[in-house]
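S.K.: no sequence on this one, just coordinates:
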């Protein structure tokens, strides 16, 4: 399940704390093209995340959204 989120803070070891549209806070790591094609993610950026089916507090950063 993918969702749009806003980056709240950058954590060590390439982790990010993001806030989802439903106000939930999730810790995500970059995956796929975000790892291969380094994209700088900063607090306030809008991103698309894929939530883990096993742990709703974790997920993967799928892509950086424009605007």
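M.R.: Arrived safely. What you see is a predicted model; the values in this text were computed from it and never measured.
S.K.: low-scoring pLDDT stretches of the chain, where are they?
M.R.: Applying pLDDT under 70 to the chain picks out residues 33-36, 38, 67.
S.K.: show me the contacts for the most centrally placed residue in the chain.
M.R.: Nearest to the mean C-alpha position of the chain, by CA atoms, centre = their mean, lies residue 61 at 3.8 Å. Counting by CB atoms under 8 Å, 6 or more residues apart in numbering, residue 61 touches 16, 18, 28-31, 34, 41, 47-49. C-beta here means a position set from N, CA and C on the backbone, and glycine is covered the same way.
S.K.: same thing but 6 Å
M.R.: For residue 61, the contact set (CB atoms under 6 Å, 6 or more residues apart in numbering) comprises 28, 30, 34, 47, 49.
S.K.: mind listing what the residue nearest to residue 20 when sequence neighbours are not counted touches?
M.R.: Distance criterion CB to CB, 6 or more residues apart in numbering; nearest residue to residue 20, sequence neighbours excluded, is residue 5 at 4.9 Å. Residue 5 is in contact with 18, 20, 47, 49, counting by CB under 6 Å, 6+ apart.
S.K.: Just the buried subset of those, please.
M.R.: 18, 47, 49 (16 or more other CB atoms under 10 Å).
S.K.: which helices and strands sit right next to the one helix or strand the second one maps to?
M.R.: Element membership for residue 47, per DSSP states H and E: strand 46-51. Counting contacts by 3 or more CB pairs under 6 Å, 6 or more residues apart in numbering; DSSP states H and E, strand 46-51 packs against strand 2-11, strand 58-64.
S.K.: hey, which of those is tucked in deepest?
M.R.: The highest mean neighbour count among these, using mean count of other CB atoms under 10 Å, belongs to strand 58-64: a mean of 19.
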